[in-house]
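Trainee: sequence first, predicted coordinates after that:
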Amino acid sequence: MLEAIRLIADRKISEAIQKGQLDIEAWRNKPLPVPNDNMVPEELRMAYKILKNAGYLPPEIETKKEIQQIEDLLETCEDEHIRIKQIKKLNFLLLKLNTMKGNAANIEGQDEYYRKIVERISVNKLKTK
C-alpha cells in the first residue's frame with residue numbers, strides 16, 4: 001500500500017516538474033527557512049505553528065505588525081494631532097509587547113529607539129518638509 005502511494009507521489013512530482021510547475025533550481029541545495037518563533041515558549045510552538053498555518057497569528061506577532069504599521073504611518077503623516085494619537089497608541093503597543101516578553105515596560109527605557117521615534121515626530125521636522 002505504501003509503495004503504491006510513493007509511486008503515485010513520484011509520478012505527480014515528475015509531471016509537475018515536466019510542466020514547469022516546480023522550479024527546482026531556485027531552491028535546490030538551500031536550507032529551509034528557520035521560523036522566527038523565539039518569542040513563543042517552546043511548549044507552545046507547535047500549537048502556534050498550526051494556528052499560523054490556519055491563518056491565525058500569536059498575539060506577539062500581531063502586536064509587532066501593528067507597531068510596524070504605526071511606525072510606517074508616522075513616517076508619512078503630517079497632521080500633528082494624528083501623529084500624537086498614533087504615538088500614544090505606539091507607546092501602548094510597545095508596553096503591551098514588552099509585558100508579553102517580560103521585559104521593561106517603558107519606551108523611555110529603550111533610549112536609542114525612543115530617540116528615533118522622537119526624531120520622526122519632531123514638529124520641526126514637519127516644518128522643513
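Mentor: Good, I have the coordinates.
Trainee: separation between V40 and A54?
Mentor: Per C-beta to C-beta, to the nearest Å, V40 is found 16 Å from A54. C-beta: built from backbone N, CA, C; applies to glycine.
Trainee: who has more neighbours out of the two?
Mentor: V40 (18 against 7; other C-beta atoms under 10 Å).
Trainee: phi, psi for that one please.
Mentor: phi -90, psi 130 (degrees, to the nearest 10).
Trainee: which stretches of the chain form helices?
Mentor: For the chain, helices defined by DSSP state H occupy the ranges 2-18, 24-27, 45-53, 59-76, 80-101, 111-121, 123-127.
Trainee: nearest to N36, out of those helices?
Mentor: Closest to N36 of these, according to C-beta to C-beta: helix 59-76, at 8.9 Å.
Trainee: could I get the buried residue list for that closest one?
Mentor: 60-61, 63, 66-67, 70, 74 (16 or more other C-beta atoms under 10 Å).
Trainee: possible to save the helices of the chain as a markdown table with distance to P33?
Mentor: As requested, the helices of the chain are exported to a markdown table (distance: least, C-beta to C-beta, whole Å):
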| stretch | distance to P33 |
| --- | --- |
| helix 2-18 | 21 |
| helix 24-27 | 10 |
| helix 45-53 | 13 |
| helix 59-76 | 16 |
| helix 80-101 | 23 |
| helix 111-121 | 27 |
| helix 123-127 | 37 |
